[in-house]
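Peer 1: below are the sequence and a predicted model; questions follow.
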Amino acid sequence: MIDQYGRKIDYMRISVTDRCNLRCRYCMPEDMAPAKQQEILEYEELLRVCAAAVELGICKFKITGGEPLVRKGCGAFICRLKELPGVEQVTLTTNGLLLEENLDLICRAGLDGVNVSLDSLDEALFRALSGGRGSAAAVLSAVRHSAERGLKTKINTVLLEENRDQVESLAALAAELPVDVRFIELMPIGFGRAMRRVGPEEVLEKLRGRWPDLEPTEEKRGNGPAHYYKSAGLQGRIGLIDAVSHKFCASCNRIRLTGTGQLKPCLCYDTAADLRTLLREGGSDEELKKAIACCVAAKPRAHSFDSPRDITEKKAMSQIGG
């Protein structure tokens, strides 16, 4: 599909749940209540949306949450999604805590890549950021085993004031392992609106102190907006996703489906097509395709992260699909 600004939209992020086994404070603090189970799309409903989207030109899918692997049957869903005619790529974003026990299934399913969230290698800081849950060592073990299995593996780190001194140690994983390490600028969405942003320039300065030959590379490493850097001392690449500092809206290729069936053309605004109601009130496949196409047609030119008063999305990232 081509939107009104000439952008090719071929990528859909799908949240299969808003539940998570961590409580990271920028995403889903302890006091957040999840959606009711009946509000979440069933796997059959998700597959119907995907089939309609493929007919319109969407061929790449990212499975997200919450934490997608806490939902029973997620691996089997990935298998079925990969089997849909026209699907070229399916990847997964996870916090890694349940990844190892699901590796056999998702590798058999032909998963094309996995992004693992890891905000600190220091156990005390990891638990402070995650609501006292989980273990950095467990996540790192999953990363190692994923890479060993030959699965294209990336580490995602959200830049926070608390973990700014962890940048070098996290980036060093790209020297030790064949993985990409991406640093994500905190976006003013949900609980992130009240938190202080750490800029990408600070990250690059730190990393060039460790790897002086770090330089930009034009390699295409995925479907998202990260721009990458390479060094002779790294097996993988260092990526920056800096939506606030450097808008990449002109090349945005994505739409997002929330766990409750709301199809969002942009993360920044509280506008969405209500696919759940359409699905559950007997809408036809043609009506479903029309709703998706209309959502793409309504995709705005750009976000307004640099003008907080213009941001209309008030939901947390776990509710949208991080």
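Peer 2: Perfect, I can see it now.
Peer 1: quick check: Glu215 vs Tyr229, distance?
Peer 2: From Glu215 over to Tyr229 the distance is 6 Å, taken as Cβ to Cβ, to the nearest Å. Any C-beta I mention is one placed from the backbone N, CA and C, and that applies to glycine too.
Peer 1: the two: who's more crowded?
Peer 2: When Glu215 is set against Tyr229 and neighbours are counted by other Cβ atoms under 10 Å, the residue ahead is Tyr229, at 21 against 10.
Peer 1: ok, the helix or strand containing the more buried one: who's next to it in the sheet?
Peer 2: According to DSSP states H and E, Tyr229 maps onto strand 227-230. Using DSSP bridges, the strands paired with strand 227-230 are strand 215-217 (antiparallel), strand 238-241 (antiparallel).
Peer 1: hey, which of these is tucked in deepest?
Peer 2: Most buried of the strands paired with strand 227-230 by mean neighbour count (mean count of other Cβ atoms under 10 Å) is strand 238-241; its value is a mean of 23.
Peer 1: need the contact partners of that one.
Peer 2: Contacts to strand 238-241, defined as Cβ atoms under 8 Å, 6 or more residues apart in numbering, come from residues 154, 171, 174, 180-185, 200, 203-204, 207, 214, 221, 224-231.
Peer 1: next step: those restricted to strands.
Peer 2: Secondary structure defined by DSSP state E assigns Lys154, Asp180, Val181, Arg182, Phe183, Ile184, His227, Tyr228, Tyr229, Lys230 of the contacts of strand 238-241 to strands.
Peer 1: in those, find the pair that's most separated.
Peer 2: Distances among the ones in strands among the contacts of strand 238-241 were taken as Cβ to Cβ; the most separated pair is Ile184 and Lys230, at 19.0 Å.
Peer 1: re the thing from before, got a list of contacts for the strand holding Tyr229?
Peer 2: For strand 227-230, the external contacting residues (Cβ under 8 Å, 6+ apart) are 180, 204, 207, 214-217, 219, 221, 237-240.
Peer 1: check those against Asp122 and report the nearest one.
Peer 2: So of those, ranked by how close each gets to Asp122 (Cβ to Cβ), first place is Leu207, at 18.2 Å.
Peer 1: now Ser15: closest residue in space that isn't a chain neighbour?
Peer 2: Gly321 (3.0 Å; Cβ to Cβ, 6 or more residues apart in numbering).
Peer 1: that should have said Gln262, apologies.
Peer 2: Counting by Cβ to Cβ, 6+ apart, Gln262 lies nearest to Ala272, which is 3.8 Å off, once chain neighbours are set aside.
Peer 1: pLDDT below threshold where in the stretch 1-150 of the chain?
Peer 2: Counting by pLDDT under 70, not a single residue of the stretch 1-150 of the chain qualifies.
Peer 1: mind running it again at 90?
Peer 2: By pLDDT under 90, the weakly predicted segments of the stretch 1-150 of the chain are 24-34.
Peer 1: which of the strands paired with strand 227-230 sits closest to Arg144?
Peer 2: Closest of those to Arg144 is strand 238-241, at 18.5 Å (criterion: Cβ to Cβ).
Peer 1: which other helices and strands does whichever helix or strand comes after the closest one contact?
Peer 2: Using DSSP H and E, the helix or strand that follows strand 238-241 in sequence is strand 254-257. Contact partners of strand 254-257 among helices and strands, from 3 or more Cβ pairs under 8 Å, 6 or more residues apart in numbering; DSSP states H and E: strand 11-15, strand 262-264, helix 285-297.
Peer 1: give me that answer again for 10 Å
Peer 2: strand 11-15, helix 43-55, strand 60-64, strand 262-264, helix 285-297 (3 or more Cβ pairs under 10 Å, 6 or more residues apart in numbering; DSSP states H and E).
Peer 1: paired strands for the shortest one, with orientation please.
Peer 2: Pairing partners of strand 262-264, with direction, according to DSSP bridges: strand 254-257 (antiparallel), strand 273-274 (antiparallel).
Peer 1: can I get the CA coordinates of the longest one in CSV?
Peer 2: Right, strand 254-257. In CSV, the C-alpha atoms belonging to strand 254-257 read as follows (Å, rounded to 0.1, in the frame of the first residue of the first chain):
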residue,chain,number,x,y,z
ARG,A,254,4.4,0.6,9.5
ILE,A,255,1.0,0.4,11.1
ARG,A,256,0.2,-1.1,14.6
LEU,A,257,-2.5,-3.4,15.8
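Peer 1: which residues sit in contact with Val244?
Peer 2: By Cβ atoms under 10 Å, 6 or more residues apart in numbering, the contact set of Val244 is Glu185, Leu186, Met187, Pro188, Arg197, Gly199, Pro200, His303, Phe305, Asp306.
Peer 1: tell me the phi and psi of it?
Peer 2: phi -80, psi -50 (degrees, to the nearest 10).
Peer 1: that one and Ile189: what is the separation?
Peer 2: Distance of Val244 to Ile189, given as Cβ to Cβ: 10 Å.
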